[in-house]
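# Fold the following.
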Amino acid sequence: MQAYCRIAVHGGKLVLKGEAEFVKEVLREHLSELLHEWGKESDRVEVAVEPVPAVEEAAPAPPPASPTMAELRSRARVENNKELVTLAVYYCEHCRHEQPTNEDLRRILKDELREKTSTINSLTTYLQRAKKEGWLGQEGKRWRLTSTGLEKVQELLEER
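Predicted coordinates for the structure are as follows:
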């Protein structure tokens, strides 16, 4: 435990800061010698040893809130539906930290983006077109963003 001691006498002051045992030892063994040297041994000196409060650990900063799909869509310059589905896969991978299936993507387009039924019904076509561009890859039923797709999304999200 850390301790802090400050002694003020006529003509000087003594400040001790360190481990509690060290401060107590200095006060017991060396204080009388110090006062004798100053010639103030007859003066009454009040000594208070106060424990130094422990350093409180700062709470970790909350992680920045992940944007919603609607926010991403509003920031991106999406010109066609294959770019839109690529952005949706990016959203699932980087904001939700999961690889989406066709059903996940349909739900995002329908519930979060309020896309037209015709767009939702043609989702597989747009995913295949994005796959031909090299933006998306498929592992079983799950879609993943390729490095080329990540570059495309960064290009879409660049400041206007």
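
# Following the worst-scoring helix or strand of the chain on mean pLDDT in sequence, what is the next regular element?
Across the helices and strands of the chain, mean pLDDT, DSSP states H and E gives its lowest value to strand 49-51, namely a mean of 62. Following strand 49-51 in sequence order, the next helix or strand is helix 69-75 (DSSP states H and E).

# Need the residues that contact that following helix.
Helix 69-75 is contacted by residues 67, 84, 87-88, 90-91, 95, 108, 112-113, 157 when judged by Cβ atoms under 8 Å, 6 or more residues apart in numbering. From N, CA and C alone the C-beta is placed, and that goes for glycine too.

# Derive a PyMOL selection command for the buried subset of those residues.
Filtering the contacts of helix 69-75 down to the buried ones (16 or more other Cβ atoms under 10 Å) takes a single PyMOL command:
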select buried, resi 84+87+88+90+91+108+112+113+157
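
# Return the member of the contacts of helix 69-75 nearest to Glu25.
Cys95 (57.9 Å; Cβ to Cβ).

# If you drop the residues flanking it in sequence, what lies closest to the closest one?
In space, and not counting its chain neighbours, Cys95 is closest to Ser66: 4.0 Å by Cβ to Cβ, 6 or more residues apart in numbering.

# burial measure for that neighbour, as a count.
Around Ser66 there are 13 other residues, counting by other Cβ atoms under 10 Å.

# now the helices for the chain?
20-25, 31-38, 69-75, 81-90, 102-107, 117-121, 123-133, 147-157 (DSSP state H).

# which of these is buried the deepest?
helix 81-90 (a mean of 24; mean count of other Cβ atoms under 10 Å).

# For the residue nearest to Cys95, give me phi and psi.
phi -70, psi 140 (degrees, to the nearest 10).

# Rounded mean pLDDT for stretch 68-77, please.
Stretch 68-77 carries an average pLDDT of 90.

# swap that for stretch 146-160, please
Rounded mean pLDDT across stretch 146-160 is 89.

# outside of it, which residues touch it?
Under Cβ under 8 Å, 6+ apart, the answer for stretch 146-160 is 72, 75-78, 83, 86-87, 89-90, 130, 133-137, 145.

# where does this structure have low pLDDT?
Applying pLDDT under 70 to the chain picks out residues 9-11, 32, 34-35, 38-64, 159-160.

# Appreciated, that's everything.
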